[in-house]
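**Q** quick check, what structure comes out for this input:
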Amino acid sequence: MSTKNQTQRVHHISSHFTNGLFPAASACITLFLLTGNTLFESASLCCCTIGAIGAPIVYGSGLLDWRIRFKKRNARIFARKRYVGVALVLVSVLLITFRLSLRAEFTTIGAVKYIYAGGIYILTGMVTYLGYLGGKFIV
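**A** Alright, predicted model coming up:
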């Protein structure tokens, strides 16, 4: 298999992996807010943490794919993917750091859990938008 095909596969596989984790985190945090069951919050934290760990890998493989497959052509869609990709990495790391700094008190603090949930919903919107932009390349 050529290097070009291997790079495309790494990016496609890794992006689908993280693009599935953040919506799953959204579903889990919604269930937590509706039921109060802390297991759903723990599941959303796990999904977000794994997604945050994978986000730089996806971003790096996307840049590599852009350099090899598209020969670093500059277009508005590539710029949007780069900016939103950087924002995704930063927001996910900040959100996980914020959540882990609260520890067990998280479930007792009223407004903080809604801010955290909002951050997860924003991350879900970001991966959805990145997936939409990436889908424009598939013919």
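
**Q** now do the helix or strand containing residue 39, average pLDDT.
**A** Here residue 39 sits within helix 38-69, counting by DSSP states H and E. Across helix 38-69, pLDDT averages out at 91.

**Q** which residue packs closest to residue 30, ignoring adjacent ones?
**A** Leaving out its chain neighbours, the residue that sits closest to residue 30 by C-beta to C-beta, 6 or more residues apart in numbering is residue 117, at 7.4 Å. C-betas here are computed from N, CA, C, even on glycine.

**Q** re the thing from before, which elements pack onto the helix holding residue 39?
**A** Using 3 or more C-beta pairs under 8 Å, 6 or more residues apart in numbering; DSSP states H and E as the contact criterion, the elements in contact with helix 38-69 are helix 3-35, helix 76-102, helix 110-135.

**Q** could I get the buried residue list for it?
**A** For helix 38-69, the neighbour count (16 or more other C-beta atoms under 10 Å) marks 40-41, 43-45, 47-52, 54-55, 58-59, 61-63, 65-66, 68 as buried.

**Q** same check on stretch 27-39?
**A** Quick answer for stretch 27-39 (16+ other C-beta under 10 Å): 28, 29, 31, 32.

**Q** thank you, goodbye.
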